[in-house]
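[1] turn this into a structure:
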Amino acid sequence: MNTCLGFCALVLMLSSPFPFWSLRWWEKNAKLPSDDEEFQSARVVVRTAGTAALAAFVTFGSLLCLILILKTRHG
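    Numbers count the residues shown, from 1 in each chain. Presented below is the predicted three-dimensional model:
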């Protein structure tokens, strides 16, 4: 159980900045008009990375809370 707790904490620490960085990038660059294929691809990558990191943050955050609740109930 301690290994799972540590893993969840590690994933949370590593994934927490990505949704904010993605939002920051999106706010600065989403409205730039560009037909450049690489820029369009970067938009997709940033959106995907932000969504995946947010999903990992929510999933592992919930799992971490569940583990902590179980740990406190069972001593």
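
[2] what does stretch 65-75 rub up against?
    Met1, Cys4, Leu5, Cys8 (CB atoms under 8 Å, 6 or more residues apart in numbering). In short, each C-beta sits where N, CA and C put it, glycine included.

[3] now, of those residues, which are buried?
    Listed as buried from these are Cys8; burial here means 16 or more other CB atoms under 10 Å.

[4] okay, the contacts of stretch 65-75 in JSON lines with pLDDT and distance to Val45 next?
    As requested, those are exported to JSON lines (pLDDT from 0 to 100; distance: CB to CB, whole Å):
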{"residue": "Met1", "pLDDT": "71", "distance to Val45": "36"}
{"residue": "Cys4", "pLDDT": "78", "distance to Val45": "30"}
{"residue": "Leu5", "pLDDT": "78", "distance to Val45": "32"}
{"residue": "Cys8", "pLDDT": "78", "distance to Val45": "26"}
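
[5] from the contacts of stretch 65-75, which ones fall inside helices?
    Residues of those located in helices (DSSP state H): Cys4, Leu5, Cys8.

[6] which element is the residue lying closest to the first one once chain neighbours are set aside on?
    Think Cys4. Of all residues not flanking Cys4 in the chain, Ile67 sits nearest, at 6.0 Å (CB to CB, 6 or more residues apart in numbering). In this structure, Ile67 sits in helix 37-74 according to DSSP states H and E.

[7] now Pro33
    Applying DSSP H and E as the criterion places Pro33 outside every helix and strand.

[8] please renumber so the chain begins at 42
    Right, with 42 as the first residue, what we last looked at is Pro74.

[9] what score does it have for pLDDT?
    As predicted, Pro74 sits at a pLDDT of 85.

[10] quick one, phi psi at it?
    Dihedral pair for Pro74: phi -80, psi 120, per degrees, to the nearest 10.

[11] distance check, Arg88 against Leu51.
    25 Å (CB to CB, to the nearest Å).
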